[in-house]
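Trainee: build me a model:
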Amino acid sequence: SYTLVPFLDQKIQIIVSQYLKVGSLIIGGGHVALPLLQNYVEISSHEIFLMGYGFSQALPGPLFTITAFTAQTTYQNVGFSVLLMSAAFLPSFAFAALGLTYWNKLKKFKSFIYFIKGMSAVALLFLTQTFYDSFFKNIHTTPGDVLVALFVAFWVYGLKKPIWMTLPMILIINLTDSLF
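Mentor: Prediction:
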């Protein structure tokens with residue numbers, strides 16, 4: 001066993017190292033981070049995780065902002081949540097600082113380009129698996145839920161409405177649905 005930071009409690013070090021692990025396995029914090037967050041990080045509930053996913057989608061910037069939400073809802077400590085979010089982002093910054101110096105040299109190699117394309121395909125598979133696990137296996141959907149999802153997809157992608165207009169609409173739909 002190693003000591004990450006000598007003055008921190010062992011349990012806190014374990015929690016921080018879990019967020020560091022997720023951040024180091026998924027550089028950039030895209031959708032691929034979702035299954036890792038679900039598997040490696042303590043989350044208060046699956047519903048809270050999905051709510052955080054929705055909120056982080058509505059925010060500009062990387063999806064790793066979900067780490068702040070999950071940390072806050074699980075541990076209910078703003079300072080600790082900021083520490084855990086920073087731990088998740090830290091490997092990305094380190095990779096960017098180191099990788100940018102070599103990027104122009106590496107992108108000249110076809111094998112490197114193929115490697116990047118392969119990694120993108122793996123990321124897409126992770127995303128598809130997460131979508132399937134989160135929405136089809138764990139949530140009991142009704143035909144009404146599917147219609148709402150299709151309507152929201154049309155609203156955002158077909159009509160090109162902004163996300164900030166979509167969230168209140170979904171809230172109103174959910175509130176009226178729960179009344180009946």
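
Trainee: list the helices and strands the longest helix anywhere in the chain packs on?
Mentor: As assigned by DSSP state H, the longest helix anywhere in the chain is helix 78-106. Packing contacts for helix 78-106, counted by 3 or more CB pairs under 8 Å, 6 or more residues apart in numbering; DSSP states H and E, involve helix 10-25, helix 66-75. All C-beta atoms are positioned from the backbone trio N, CA, C, and that covers glycine.

Trainee: other SSEs contacting the first one?
Mentor: In other words, helix 10-25. Using 3+ CB pairs under 8 Å, 6+ apart, the elements in contact with helix 10-25 are helix 33-40, helix 66-75, helix 78-106.

Trainee: show the subsequent helix or strand relative to the last one.
Mentor: If I follow you right, that is helix 78-106. Once helix 78-106 ends, the next helix or strand along the chain (criterion: DSSP states H and E) is helix 110-131.

Trainee: quick revisit: what angle separates the longest helix of the chain from helix 66-75?
Mentor: Using axes from the mean of the first three to the mean of the last three CA atoms, to 10 degrees, the inter-axis angle of helix 78-106 relative to helix 66-75 is 160 degrees.

Trainee: what average pLDDT does helix 78-106 get?
Mentor: Averaging the model's pLDDT scores along helix 78-106 yields 85.

Trainee: tell me which residues of it are tucked away?
Mentor: Across helix 78-106, burial judged by 16 or more other CB atoms under 10 Å covers F80, S81, L83, L84, M85, S86, A87, A88, F89, P91, S92.

Trainee: again, but for stretch 162-171
Mentor: In terms of neighbour count (16+ other CB under 10 Å), stretch 162-171 has its buried residues at T166.

Trainee: go on, stretch 36-47?
Mentor: Neighbour-count burial for stretch 36-47 flags L36, L37, Q38, V41, I43 (criterion: 16+ other CB under 10 Å).

Trainee: before we move on, what about stretch 59-66?
Mentor: For stretch 59-66, the buried set under the neighbour-count rule, 16+ other CB under 10 Å, comprises P62, L63, F64, T65, I66.

Trainee: tell me the mean pLDDT over that stretch?
Mentor: In this model, stretch 59-66 has a mean pLDDT of 78.

Trainee: could you do stretch 142-153 as well?
Mentor: 79.

Trainee: and the helices and strands packed on helix 10-25: which comes nearest A121?
Mentor: helix 33-40 (16.0 Å; CB to CB).
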